[in-house]
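Peer 1: show me the folded form of this:
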Amino acid sequence: MEMNHLVIRTVRNTKSITVEYQITAFGKTLVPIIDEIAKWGTAYRNTLYKKA
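Peer 2: Down below sits the predicted model:
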């Protein structure tokens, strides 16, 4: 994701080493798509567990 400019990775020289990730503006363009996939997943799960 870092290579595709979706997140920025920052390594902090702490004890123990800390790695932080931050979503980029370009990464935020995926939010509507991810939301739709999540809605689809919820609807699909509901069809699997629908009471007959």
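Peer 1: which element is residue 36 on?
Peer 2: helix 31-48 (DSSP states H and E).
Peer 1: residues contacting the most centrally placed residue in the chain?
Peer 2: Nearest residue to the geometric centre of the chain (Cα atoms, centre = their mean): residue 34, 7.4 Å. Applying Cβ atoms under 8 Å, 6 or more residues apart in numbering to residue 34 gives no contacts. Bear in mind the C-beta positions are built from the backbone N, C-alpha and C, glycine included.
Peer 1: where's residue 37 relative to residue 20, distance?
Peer 2: 25 Å (Cβ to Cβ, to the nearest Å).
Peer 1: could you do residue 33 as well?
Peer 2: On the measure of Cβ to Cβ, residue 33 and residue 20 end up 24 Å apart.
Peer 1: and for residue 1?
Peer 2: Taken as Cβ to Cβ, the span from residue 1 to residue 20 is 14 Å.
Peer 1: more crowded one of these two?
Peer 2: residue 1 (13 against 10; other Cβ atoms under 10 Å).
Peer 1: burial of the residue nearest to the more buried one when sequence neighbours are not counted, as a residue count?
Peer 2: For residue 1, ignoring the flanking residues on the chain, the nearest one in space by Cβ to Cβ, 6 or more residues apart in numbering is residue 7 at 4.7 Å. When neighbours are defined as other Cβ under 10 Å, residue 7 has 16 of them.
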